[in-house]
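Peer 1: Below are the sequence and a predicted model for it; my questions follow.
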Amino acid sequence: MKSEPDCFSIDDLAKAPKKTTCWDGVRNYQARNFMRSMEIGDQIFFYHSSVEPACLVGVAEVVKKAYPDHTALDPKDDHYDPKATPANPIWEMVDIKFVRKFDESLTLVDLRDVKGLEKMELLRRGSRLSVQPVTAAEWKIVNGLAEKKATKR
DNA sequence: GCCAACGTTGGC
DNA sequence: GCCAACGTTGGC
């Protein structure tokens, strides 16, 4: 899951009440559908976008399954969608909880050219999805890299 | 700040 | 239902 750290960083998540937040504001159907498919206990990588360097910074987990995103119904909210109604909220969100922060963030450069990550959505040219799938194999490789980079420091 | 790559919108 | 125009994302 991507977030601009200026807006909401992994440190914000770690400091949040119960280290938990609702992932509101997603206004892309594909991203929403991925959230709908999430189960409690599913782990996610937390990604900082639009910063130099863009990087994976840690891990969180799903603590609440997809439910309506109320910010879509609020005309005063930045993410207001006039098409959303209480009967058909259209947009949904999940709650995620902080699990850990990597000792060393993994930049896109770190991940590029790693064997087994060739098809990772995050590394795809023009990848803009804010919620995107990670395969079990990719998950394992990335976690391994995070440990390796931390010990190498 | 540039610009490629998207998703969305709306005229037809 | 096509597709051009437009707005946005996000790496660089």
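Peer 2: That came through fine.
Peer 1: Which positions in chain A make contact with DNA strand B?
Peer 2: A:28, A:29, A:30, A:124, A:125, A:126, A:127, A:128, A:129 (CB under 7 Å from any atom of the strand). For glycine as for every other residue, the C-beta is placed from the backbone atoms N, C-alpha and C.
Peer 1: Most proximal residue of chain A with respect to DNA strand B?
Peer 2: Closest approach between chain A and DNA strand B, counting by CB to the nearest atom of the strand: residue A:126, at 2.3 Å.
Peer 1: Number of residues surrounding residue A:99?
Peer 2: 15 (other CB atoms under 10 Å).
Peer 1: Residue A:110 versus that one, what's the distance?
Peer 2: 20 Å (CB to CB, to the nearest Å).
Peer 1: got it, and residue A:131?
Peer 2: Residue A:131 is 22 Å from residue A:110, by CB to CB.
Peer 1: again, but for residue A:70
Peer 2: Taken as CB to CB, the span from residue A:70 to residue A:110 is 37 Å.
Peer 1: The two: who's more crowded?
Peer 2: The neighbour comparison of residue A:70 against residue A:110 (other CB under 10 Å) goes to residue A:110, with 19 against 16.
Peer 1: so which strand or helix has the more buried one?
Peer 2: Per DSSP states H and E, residue A:110 falls inside helix A:108-111.
Peer 1: Make TSV from the residues of chain A next to DNA strand B and add secondary structure and pLDDT to it.
Peer 2: Putting the residues of chain A next to DNA strand B into TSV (DSSP: H, G, I helix; E, B strand; the rest coil; pLDDT from 0 to 100) gives the following:
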residue	secondary structure	pLDDT
A:28	coil	93
A:29	helix	92
A:30	helix	92
A:124	coil	90
A:125	coil	86
A:126	coil	86
A:127	coil	87
A:128	coil	90
A:129	coil	93
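Peer 1: Right, I'll call it a day here.
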